[in-house]
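Enquirer: Build me a structure from this.
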Amino acid sequence: MNIKKKPIWISHKFIQICQRHRLKITPQRVAIYQNLLGMNTHPTADAVYQILRKEYPYISFDTVNRTLLTFTEIGVLDVVEIFSGAKRFDTDLTPHHHLHCLKCGNVYDFHSETYDNLTVPKGIQQQFQVVSKRVILKGFCRKCQNENPQKRLETAESRGG
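Expert: Got it, this is the predicted structure:
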């Protein structure tokens, strides 16, 4: 029986960044990177692990988690600002903002020139060198808006909203 392997496609930029940081291009790292590129859901390490273990049954959660954290350190991924629960990862490194649903926990991207152009207060400019800005809005997505208002309020309070 002839088994075809999936073609491995990774960008030259990914390879260059890994090489610049002396990071080997392993099959596990490539698989994690490739799977992330197909996601726009800001997955947790566990979500990535659950997908990968179907194709790589011997990959460990620790390998996935450490790789994701390494990818954030070298600038291949970004960690999404969250208010509760596990870290979420973002493959979109372009300037954008997030809306975090307090009920279901999903994180949604949005773009806004107004938010992109917010002025950093002088007190902060004097104490920090700001390298990027991201606005995070908390609220309820359309699906969760249809739930009982009292339940929404309780959920928001329990998540620090």
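
Enquirer: Could you use CA atoms for every contact and neighbour count after this?
Expert: Noted.

Enquirer: G38 is in contact with D90, correct?
Expert: No: with contact defined as Cα atoms under 8 Å, D90 does not count as touching G38 (11.2 Å).

Enquirer: Compare those two and say which one has the larger neighbour count.
Expert: Between D90 and G38, D90 has the larger neighbour count (other Cα atoms under 10 Å), namely 22 against 9.

Enquirer: what about that one, distance to C18?
Expert: The spacing between D90 and C18, counted by Cα to Cα, to the nearest Å, is 18 Å.

Enquirer: Then C144?
Expert: When Cα to Cα is applied, the distance between C144 and C18 equals 40 Å.

Enquirer: After the helix or strand containing E73, which helix or strand is next?
Expert: Per DSSP states H and E, E73 falls inside helix 61-74. The first helix or strand that comes after helix 61-74 along the chain, using DSSP H and E, is strand 78-80.

Enquirer: what about the helix or strand that that following strand is followed by, distance to the chain center?
Expert: Secondary structure here is assigned by DSSP H and E; on that basis, the next helix or strand after strand 78-80 toward the C-terminus is strand 88-90. The offset between the C-alpha centroid of strand 88-90 and the centroid of the whole chain comes to 1 Å, using Cα atoms, centre = their mean, to the nearest Å.

Enquirer: Let me know the average pLDDT across strand 88-90.
Expert: For strand 88-90, mean pLDDT rounds to 92.
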